[in-house]
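In: from the sequence below, what's the structure:
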Amino acid sequence: MNEKSQTIPRPLVQTNQWVLFLSVLSVWISGAEWILLIPLFSGISGLLLNYNPIMEFAELFLKRPFSEYIAEDKQQQKFNQWIATILLTIAFGGYLMGATIIGHIVSLLVAIASFVAILGFCVGCFIRYKWSQYQYKRLQKDS
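Out: Okay, the predicted model is just below:
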């Protein structure tokens, strides 16, 4: 991906969302909790190294220049990735410690958020927007 770009082509974002959703679904069906490590390590790599292997792989299948795809804001996607990574860490930790109910509940949150995003509503975007509104109102009140 172009490091200087402040956007990410939507197909790459959607691929990441599908991997999140299908990983959680695979864990529930198979009971193989290690599957969560795929989106977890990919998310950590994206956040810390600016290299998300899932999106980099998906980029190989893009047929047009980045500018011809609907663009997603890179900072918003990083915010969303933080949320997903934290939740995946908690879910995997829950499974690892034998707290299956925690693993199921938290991974369910990831599955719902990723599937709803695939359908067009970004939960992370909504959270970030509400947080920005709260901060703005707080600053106005303090002024």
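In: tell me what the helix or strand hosting residue 11 is packed against?
Out: Assigned by DSSP states H and E, residue 11 falls within helix 10-30. Helices and strands touching helix 10-30, by 3 or more Cβ pairs under 8 Å, 6 or more residues apart in numbering; DSSP states H and E, are helix 37-49, helix 53-59, strand 71-73, helix 74-96, helix 100-119. (Each C-beta comes from the backbone N, C-alpha and C, glycine too.)
In: out of these, nearest to residue 28?
Out: helix 100-119 (7.5 Å; Cβ to Cβ).
In: tell me the angle that closest one makes with helix 37-49.
Out: Interaxial angle, helix 100-119 versus helix 37-49 (axes from the mean of the first three to the mean of the last three Cα atoms, to 10 degrees): 70 degrees.
In: run through who's touching helix 100-119.
Out: 14, 17-18, 20-21, 24-25, 27-28, 33, 36, 80, 83-84, 87-88, 90-95, 122-124 (Cβ atoms under 8 Å, 6 or more residues apart in numbering).
In: 6 Å instead, please
Out: 17, 20, 21, 24, 84, 87, 90, 91, 94, 95, 123 (Cβ atoms under 6 Å, 6 or more residues apart in numbering).
In: from the residues you listed, list just the buried residues.
Out: Listed as buried from those are 17, 20, 21, 24, 84, 87, 90, 91, 94, 95; burial here means 16 or more other Cβ atoms under 10 Å.
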